[in-house]
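**Q** all I have is the shape, not the residue letters:
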DNA sequence: ATTTTATGTCAGCCATGTTGACATATCTTT
DNA sequence: AAAGATATGTCAACATGGCTGACATAAAAT
């Protein structure tokens, strides 16, 4: 054995002959060693089940773009901006802030980078010259497609597997999970019956 | 006007006579000023719609517990631990790490607090005395109930609104969103046909 | 002309993720 | 019994992306 120092992770992989790391440690691996205990009262509670499924589904749903973003030194925050600017070209900074629910200082940090690296383009508003209307550059659109592709595929596959009524039911359920005050706005925002 | 300094936020509230803050700035408020632009090609794409709905639904879904946790000086990370320990009493640290998908150092930071403040109890394993089997104390169970209550209500309401088939379809769709390698494990973990 | 609004920016704090390195107790294997 | 592997804990340092507070500028609205 060489005298090269191993980190915990490497030592683990070496010792256990598994290629697991902290990040990739699979549920399967943990489960295979021994069963997960589960509280008896919860076995037949579909609400608790859905709550946990939401956690896992969202985690995996965001994992594909997260992995891609490391190539660009961007994070999840950049993705959100690219997504919403891509889907709503000409959106104002104020509107984007409202959608994301973060402060302008938080947005500025990522938006500045995206503008500097020319993924996002700011056009001065014509009606109101104070506004900076946000658009994706061709480069930005390319990144947007790269990021959304695995998510679209994942959702398409899930909806297909869940059956023909799933599209409608899943959409309805997600919408109903949103705070009632925002439901109509989100429905307009994301939906078909649209807008300017 | 008094010479008291106002922050941006206060100045905004004062000037605009709105009670909005950065955190509570509503989508409605932003939408009311002018319509959100939306890319034409996307109008009829249900996949993009579902992707956005997932973002908003998950955001609101986590907002209720987040608000409660500030009373305890805990964050979302503490919530996850409390949730999974509560639902799987006797879970080992390694199993919890696999579920959460974080490093042991990240977990340690929150778990240490939860143990110190006696929300979580560690019992030395009998079969394997190296293991620390995690349980909620009565205090921890109380907090768990407080945190899960609004989420359970939200999910119950959404499923009701979406119709009788929603429970099954929603669950199936969420499960299908999860990485295939983990689906069977998660199904066992959250599901009914259970375990030790 | 004054006030309000839309946006930007500096500075610093906090929560929660990450790596790397190492310690200890206990179980497993030789 | 000794050696190795595993489960857990811990110190230190760093990154990301939230946050608040304070202030600046340009343009619109009054």
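**A** Structure received. Worth saying up front: this structure is predicted, and the values here are computed from it rather than measured.

**Q** for residue A:130, phi and psi?
**A** Main-chain dihedrals, residue A:130, degrees, to the nearest 10: phi -80, psi -30.

**Q** that one: neighbour count?
**A** Residue neighbour count, defined by other CB atoms under 10 Å in any protein chain shown, stands at 8 for residue A:130. C-betas here are computed from N, CA, C, even on glycine.

**Q** do you know how far it is from residue A:92?
**A** Separation of residue A:130 from residue A:92 (CB to CB, to the nearest Å): 9 Å.

**Q** next, name the residue at the spatial heart of chain A.
**A** residue A:62 (3.8 Å; CA atoms, centre = their mean).

**Q** Three-state assignment for that residue, please.
**A** helix (DSSP: H, G, I helix; E, B strand; the rest coil).

**Q** contacts only, for the nearest residue to it once chain neighbours are set aside.
**A** Closest residue to residue A:62 apart from its sequence neighbours, by CB to CB, 6 or more residues apart in numbering or on different chains: residue A:76 at 6.7 Å. Contact analysis of residue A:76 by CB atoms under 8 Å, 6 or more residues apart in numbering or on different chains lists A:62, A:65, A:66, A:69.

**Q** top of the residues you listed by number of neighbours, please.
**A** Counting neighbours by other CB under 10 Å, the top entry in the contacts of residue A:76 is residue A:65, with 22 neighbours.

**Q** host element of it?
**A** Residue A:65 belongs to helix A:46-69 when assigned by DSSP states H and E.

**Q** do the next helix or strand after that helix and DNA strand C meet at all?
**A** Using DSSP H and E, the next helix or strand after helix A:46-69 towards the C-terminus is helix A:76-87. No - Helix A:76-87 does not reach DNA strand C (CB under 7 Å from any atom of the strand); its nearest approach is 11.1 Å.

**Q** and the next helix or strand past helix A:76-87?
**A** Criterion used, DSSP H and E; the element after helix A:76-87 is helix A:93-100.

**Q** for the helix or strand following that next one, buried residues please.
**A** On the C-terminal side of helix A:93-100, the closest following helix or strand by DSSP H and E is helix A:104-116. Neighbour-count burial for helix A:104-116, with 16 or more other CB atoms under 10 Å in any protein chain shown as criterion, is recorded at A:107, A:110, A:111, A:113, A:114, A:115.

**Q** and for stretch A:142-162?
**A** Using 16+ other CB under 10 Å as the test for burial, stretch A:142-162 gives A:143, A:144, A:147, A:148, A:151, A:152, A:154, A:155, A:158, A:159, A:162.

**Q** pLDDT below threshold where in chain A?
**A** For chain A, the stretches with pLDDT under 70 are A:1-25, A:32-34, A:40-44, A:192-196.

**Q** which one of the residues in it is closest to DNA strand C?
**A** Chain A approaches DNA strand C most closely through residue A:94 (3.0 Å), counting by CB to the nearest atom of the strand.

**Q** so what's the residue count around the nearest residue to that residue once chain neighbours are set aside?
**A** Of all residues not flanking residue A:94 in the chain, residue B:30 sits nearest, at 6.3 Å (CB to CB, 6+ apart). Neighbour count for residue B:30, taken as other CB under 10 Å: 21.

**Q** check residue A:51 too.
**A** Residues lying near residue A:51 (other CB under 10 Å) number 19.

**Q** go on, the one 4 residues further on?
**A** Here the count is done by other CB under 10 Å, and residue A:55 has 21 residues near it.

**Q** how about it, what does it touch?
**A** B:80, B:83.

**Q** if you set the cut-off to 10 Å instead, what comes out?
**A** Each residue near residue A:55 by CB atoms under 10 Å, 6 or more residues apart in numbering or on different chains is listed here: B:58, B:61, B:62, B:80, B:83, B:84, B:99, B:100, B:174, B:186, B:190.

**Q** distance to residue B:51 added to the residues you listed, as TSV?
**A** TSV is the format used below for the contacts of residue A:55 (distance: CB to CB, whole Å):
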residue	distance to residue B:51
B:58	11
B:61	16
B:62	17
B:80	23
B:83	25
B:84	26
B:99	25
B:100	24
B:174	14
B:186	21
B:190	23
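
**Q** pull out the buried members of those residues.
**A** Among those, those buried by neighbour count (16+ other CB under 10 Å) are B:58, B:61, B:62, B:80, B:83, B:84, B:99, B:100, B:174, B:186, B:190.
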